[in-house]
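[1] coordinates only, sequence not included:
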């Protein structure tokens, strides 16, 4: 009986210890990075191959009759889009760590982690690597890589392990007090995604990207945006771009939009304007601030349209469309604000404004009246998790979680879907 009593006491003590342990332990799902050694990554074969199904539709770019779709961190799908009602996926270019793409004079430029690559795409089905510029710029956020879940935090980043080439999700257990501290200070280390609409095809040889871009081409320069800088590359020299100045950016920059010899930056703190009087060295003109949030921007005439949103990597408290008067680039000011659900990319053509409102779908407005845009919705495409758009020549190309949609908006009052390319 004495031994049995001691056993009961021991069991009780163990239970108490376990209870105390459980009291101070929290578990949560998180994004865990997958790594590759830098030398192994640079030695990868990046020859174009047969077309593949899209895994995660990322940034989009159009050039001539071709549509380029970035597959989040995996590579670029090359699509013959001469007939938007029947797009033909013709090749896949495997570029690990790619986020952005831009094209000029049959040369395709793409980032691959910290390197800049250029390809000759005279034959779009068989791009040929022309040049690799190692360490061309700072690494983009690993949150752009394949497998990343936007609604989960990030843990376990260690630069000594190599470069991030993908993500997996795991259950993480930590001391509850540490967990609370991480919650208060934002666990994730991601950067909001970004791209931008380009210039018209009239008399130029570059293409057009979406509003979430961090690559853009103006005349003979490629501008690469990173959170703290703009790097300029002269594309006239030869097949290998000539790296120019690196212009510091004081706010955390996310997206870049070229318009009227200026660059408009969307940042987590507001919109910034730089002039291109010296195209090799963009010069700061002005800025207009807003509460912390993710922030793509597009421009037409004397108006800039900005969406700001909340999210795991965006923080903030607002989900809005801002209309900004830029008739004087030196003194922009907000004309109107409209509440939305969780807006991402956007585009404008004439008076037709397209907004990707995240899980709330695609919203189309008549934006003729700045102070009554919310009263003039033309269409609302629900049940689509939208990301970004390119409106051009009466065809809207939209990337979404589900895939790539194309619409005919030649009659904005009767927009018709032309095609859909599904993700895997």
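    Alright, I've got the coordinates. Everything quoted here is computed from the prediction, not taken from an experiment.

[2] Outside of the helix or strand where residue 76 lies itself, which residues are in contact with it?
    If you go by DSSP states H and E, residue 76 is part of strand 75-80. Strand 75-80 is contacted by residues 48, 51-52, 54, 65-71, 87-96, 98, 101, 108, 110, 121, 124-125, 127, 421 when judged by Cβ atoms under 8 Å, 6 or more residues apart in numbering. Heads up, the C-betas are built off the backbone N, CA and C, glycines and all.

[3] Over to stretch 407-414?
    Applying Cβ under 8 Å, 6+ apart, the contact partners of stretch 407-414 are 84, 349, 351-352, 364, 366, 378, 391, 394-396, 398, 415-418.

[4] Now it: buried residues?
    Across stretch 407-414, burial judged by 16 or more other Cβ atoms under 10 Å covers 407, 409, 412.

[5] And stretch 105-112, by the same measure?
    Using 16+ other Cβ under 10 Å as the test for burial, stretch 105-112 gives 107-112.

[6] which ones are touching residue 73?
    Applying Cβ under 8 Å, 6+ apart, we find residue 73 in contact with 56, 58, 96-99, 144-148, 165-166.

[7] if you skip the residues just before and after it, what's nearest to it?
    In space, and not counting its chain neighbours, residue 73 is closest to residue 145: 3.5 Å by Cβ to Cβ, 6 or more residues apart in numbering.

[8] phi, psi of residue 273?
    When read as degrees, to the nearest 10, the backbone of residue 273 gives phi -120, psi 130.

[9] What separation do you get for it and residue 329?
    Distance, residue 273 to residue 329, by Cβ to Cβ, to the nearest Å: 5 Å.

[10] Could you check which of these two has the larger neighbour count?
    residue 273 (23 against 16; other Cβ atoms under 10 Å).

[11] quick revisit: just the ones of the buried residues of stretch 105-112 in helices?
    In helices, judged by DSSP state H, none of those are found.

[12] got TSV for those, with pLDDT and distance to residue 152 too?
    Formatted as TSV, these follow (pLDDT from 0 to 100; distance: Cβ to Cβ, whole Å):
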residue	pLDDT	distance to residue 152
107	95	37
108	96	32
109	97	31
110	96	27
111	93	24
112	91	25
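
[13] So, low pLDDT: which residues of the stretch 151-300 of the chain?
    Along the stretch 151-300 of the chain, segments meeting pLDDT under 70 span 175-204, 237-238, 291-293.

[14] Which parts of it are strands?
    163-175, 208-209, 215-218, 221-226, 229-234, 242-248, 253-259, 262-267, 270-275, 283-289, 297-300 (DSSP state E, counting those that start in this stretch).

[15] Next, format these as a markdown table and append distance to residue 132.
    Shown next, in a markdown table, are the strands of the stretch 151-300 of the chain (distance: least, Cβ to Cβ, whole Å):
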| stretch | distance to residue 132 |
| --- | --- |
| strand 163-175 | 15 |
| strand 208-209 | 22 |
| strand 215-218 | 16 |
| strand 221-226 | 15 |
| strand 229-234 | 13 |
| strand 242-248 | 13 |
| strand 253-259 | 23 |
| strand 262-267 | 26 |
| strand 270-275 | 28 |
| strand 283-289 | 30 |
| strand 297-300 | 31 |
